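**Student:** Sequence plus predicted model, see below.
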Amino acid sequence: MTTTKPMDDGGPFHPTDSDNFGPKYSGPGASLRDVFAIAALQSLSSAIQDESITTLEDRAADTARACYTIADAMLKARHG
């Protein structure tokens, strides 16, 4: 039996607790990986306009994959 190591997503970026926001809004928040991907999206959004990719869904999927590839590289760089 093989076990896979969970991905290091950098942990929660802005965790919340129920004391400040109530149980409806408490939770771990976005991961640092998600925040890095959002930052990458801001600079890569022009890729969605690439007309050589046939559909908007394909362009969006390619852009999303690129954002998380960049986010993973950013997390790796944080750890040296």
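**Tutor:** Cool, the structure landed.
**Student:** From here on, just use CA atoms for contacts and neighbour counts.
**Tutor:** Noted.
**Student:** And the helices in the protein, which stretches?
**Tutor:** Secondary structure of the chain (DSSP state H): helices at 18-21, 32-44, 56-78.
**Student:** where in the protein is pLDDT low?
**Tutor:** 1-3, 5-6, 14-28, 46-53 (pLDDT under 70).
**Student:** can you do 90?
**Tutor:** Counting by pLDDT under 90, the chain contains low-confidence residues at 1-68, 71, 74-76, 78-80.
**Student:** how far does stretch 37-57 stretch from start to finish?
**Tutor:** Stretch 37-57 stretches 18 Å from its first residue to its last (Cα to Cα, to the nearest Å).
**Student:** Tell me which of the helices of the chain is the most buried.
**Tutor:** Counting by mean count of other Cα atoms under 10 Å, helix 32-44 has the highest mean neighbour count of these, with a mean of 18.
**Student:** now that helix and helix 56-78, what's the angle there?
**Tutor:** Helix 32-44 and helix 56-78 meet at an angle of 120 degrees, taking axes from the mean of the first three to the mean of the last three Cα atoms, to 10 degrees as the criterion.
**Student:** Quick one: list the elements packing against helix 32-44.
**Tutor:** Where contact means 3 or more Cα pairs under 8 Å, 6 or more residues apart in numbering; DSSP states H and E, helix 32-44 is packed against helix 56-78.
**Student:** Can you name every helix or strand that the helix it packs on contacts?
**Tutor:** Against helix 56-78 (3+ Cα pairs under 8 Å, 6+ apart) you get helix 32-44.
**Student:** Go ahead and name everything in contact with the helix it packs on.
**Tutor:** Applying Cα atoms under 8 Å, 6 or more residues apart in numbering, the external contacts of helix 32-44 come out as 9-13, 63-64, 67-68, 70-72, 74-75.
**Student:** Nice, that's everything, thank you.
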